[in-house]
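>>> the sequence isn't on hand, but the structure is:
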């Protein structure tokens, strides 16, 4: 049975999640209004700021999907950082820290579980440069695109 993506949902309603699905169920796009983290000089403590988002994509059938994540980061101060990590059914998605102001983008391919679920977990971290009084760090993810990997593409990889 071919894989079809049915719907995506995230636990935290404050993320401002909305999205679309293609008519054939091969692509689901998830857009976030508020999936971001910021560390600034006005913070009352020196602890790195974090945001975690957990979601699920319901699917019908079996197969593999590719998850594409997109966003941007801003870091002012040499010792500051803004990083994002994610997992799709246990497969790690690494979003490298870009030069300030550049977009970030990463992808991972993962199998859909036997239960028909693709579990997504995202972690955003930001820490300003504690040695610079006016430093700041921020990171935001604006979208995830989940796309079914065509069976013919998988067959080509295995040499079939």
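Arrived safely, thanks for sending. Because the structure is predicted, anything quoted here is derived from the model rather than measured.
>>> what sits against the closest residue to residue 63 other than its chain neighbours?
Computed as C-beta to C-beta, 6 or more residues apart in numbering, the closest residue to residue 63 that is not its neighbour in sequence is residue 3, at 3.3 Å. C-beta here means a position set from N, CA and C on the backbone, and glycine is covered the same way. Taking C-beta atoms under 8 Å, 6 or more residues apart in numbering, we find residue 3 in contact with 59-65, 112, 148.
>>> not counting its own residues, what contacts stretch 14-29?
Applying C-beta under 8 Å, 6+ apart, the external contacts of stretch 14-29 come out as 4-10, 30-35, 53, 55, 57, 60, 143-148.
>>> was I right to think residue 78 contacts residue 132?
Yes: contact between residue 78 and residue 132 holds when scored by C-beta atoms under 8 Å: they sit 7.4 Å apart.
>>> more neighbours: which of these two?
Higher neighbour count among residue 78 and residue 132: residue 132, with 14 against 9, using other C-beta atoms under 10 Å.
>>> state the pLDDT value of the more buried one.
pLDDT recorded at residue 132 is 89.
>>> contact partners for it?
76-80.
>>> residue 21 versus that one, what's the distance?
Separation of residue 132 from residue 21 (C-beta to C-beta, to the nearest Å) stands at 44 Å.
>>> hmm, back to that, mind picking the two most distant members of the contacts of residue 3?
The largest separation in these, counting by C-beta to C-beta, is between 60 and 64 at 14.4 Å.
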